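**Student:** okay, here's the prediction I keep looking at, along with the sequence it came from:
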Amino acid sequence: MYTSKTGHTEELAHCIRDLFYEKKIEVRLFQIEQFPLQDLSAFDGVIIGTYTWGDGEIPGEMLALYQAFEAADVKHVVTGVIGTGDSFYPHFCGAVDAFRDMLYVHSRLAVTLKVEVALQATDFARCQKFAGVFWNKLENSVSHHLELI
Ligand SMILES: Cc1cc2nc3c(=O)[nH]c(=O)nc-3n(C[C@H](O)[C@H](O)[C@H](O)COP(=O)(O)O)c2cc1C
């Protein structure tokens with residue numbers, strides 16, 4: 001799920017979503033307002049997309065998600081964080097870092113990706129790498145989970 005004020009993070013989220021589609025991997029894309037927070041622990045994998053606000057801060061609309069990850073049983077959920085920011089600010093993509101640090105503790109954090117403002121052609125390979133690393137961790141995680149059952 002993602003949030004985006006001026007469209008940069010939305011474009012990044014669409015790019016990652018399309019890479020999974022190309023591999024015939026089923027993904028669902030939610031704007032944060034549409035995401036069913038109460039079902040968080042039912043997902044095998046979740047990728048969070050966020051811009052950064054204020055002084056390196058998480059946007060207000062993402063705070064409930066942040067708190068849900070802290071409170072819910074999500075130890076099995078493979079997570080990734082993507083974000084756009086502007087390195088003009090002292091804390092570039094601070095919201096990505098904040099989610100990363102929390103998800104490292106509470107979930108199975110796989111990978112993060114920061115993009116400077118708008119996606120450039122040179123970011124495409126980085127998006128592919130992100131999707132590949134995330135997918136590998138998810139596959140390992142799901143098969144491990146099945147073995148235990
Ligand atoms: C008031 C304001 C504060 C911002 N603060 C930060 C910041 O601390 N760190 C950062 O990396 N980017 C910061 N940005 C830049 C945005 O995160 C960046 O433009 C981002 O690409 C916007 O994403 P969106 O198009 O998905 O809304 C700020 C932008 C505004 C308008």
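**Tutor:** Good, I have the coordinates.

**Student:** show me what the longest helix that the chain contains is packed up against.
**Tutor:** Scanning the chain for the helix with the most residues, using DSSP state H, yields helix 124-148. Applying 3 or more C-beta pairs under 8 Å, 6 or more residues apart in numbering; DSSP states H and E, we find helix 124-148 packed against helix 8-22, strand 45-51, strand 78-85, strand 108-116. Any C-beta I mention is one placed from the backbone N, CA and C, and that applies to glycine too.

**Student:** now render those as JSON lines, adding mean neighbour count.
**Tutor:** Output for those, formatted as JSON lines (neighbours: other C-beta atoms under 10 Å):
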{"stretch": "helix 8-22", "mean neighbour count": "18"}
{"stretch": "strand 45-51", "mean neighbour count": "25"}
{"stretch": "strand 78-85", "mean neighbour count": "26"}
{"stretch": "strand 108-116", "mean neighbour count": "20"}
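
**Student:** which residues outside the longest helix of the chain are in contact with it?
**Tutor:** Helix 124-148 has contacts (C-beta atoms under 8 Å, 6 or more residues apart in numbering) with 12, 15-16, 19-20, 23, 25, 44-45, 47, 76, 78, 80, 82, 108, 110-111, 113, 115, 119.

**Student:** let's see 6 Å
**Tutor:** Around helix 124-148, the neighbours that count as contacts under C-beta atoms under 6 Å, 6 or more residues apart in numbering are 15-16, 19, 44-45, 78, 80, 108, 110-111, 113.
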